[in-house]
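**Student:** The following block contains a protein sequence and its predicted model.
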Amino acid sequence: MKMIVENNAAEGLEALLGEQVLLICACYIYNGKLVGVNALDIKLENASIVYETGAWSDAKWKDAQKLPTKFYYVRTSMIESYGQMGK
């Protein structure tokens, strides 16, 4: 029997390196390009804080504000959920 087998050793946040991600954290929602991951922090490029989402199906956030730095770090211990961003 022939089978399709994916050989991707990366899982979780590491699998999303290089992708636009959405992080729902204990206090805020962040989005940006995930460019770094370690045990304590993740590194986002061109990150924004989403203060108001609007409808999740909308093409843009109702109120997202770009942070005034090229790179922004978020503690992994504060992340409640995350995923690749479709917006």
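**Tutor:** Structure received.
**Student:** Report the beta-bridge partner residues of residue 63.
**Tutor:** Taking DSSP bridges as the rule, residue 63 bridges to residue 52.
**Student:** So what's the predicted local confidence for it?
**Tutor:** Predicted confidence (pLDDT) for residue 63: 97.
**Student:** Pull the number of nearby residues for residue 61.
**Tutor:** 19 (other Cβ atoms under 10 Å). (C-beta placed from N, C-alpha, C; glycine too.)
**Student:** Give the helix, strand or coil label for it.
**Tutor:** Assigned with DSSP: H, G, I helix; E, B strand; the rest coil, residue 61 falls in the coil class.
**Student:** contacting residues around the closest residue to it other than its chain neighbours?
**Tutor:** Spatially, and ignoring its direct neighbours in sequence, residue 61 is nearest to residue 50 (5.0 Å; Cβ to Cβ, 6 or more residues apart in numbering). Counting by Cβ atoms under 8 Å, 6 or more residues apart in numbering, residue 50 touches 28-31, 61, 63-64.
**Student:** Please produce a markdown table containing those, extended by distance to residue 79.
**Tutor:** Shown next, in a markdown table, are the contacts of residue 50 (distance: Cβ to Cβ, whole Å):
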| residue | distance to residue 79 |
| --- | --- |
| 28 | 11 |
| 29 | 11 |
| 30 | 9 |
| 31 | 13 |
| 61 | 18 |
| 63 | 21 |
| 64 | 18 |
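**Student:** Now a ChimeraX select for only the buried ones of those residues.
**Tutor:** The buried subset of those, as determined by 16 or more other Cβ atoms under 10 Å, is captured in ChimeraX by this line:
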select :29,30,31,61,64
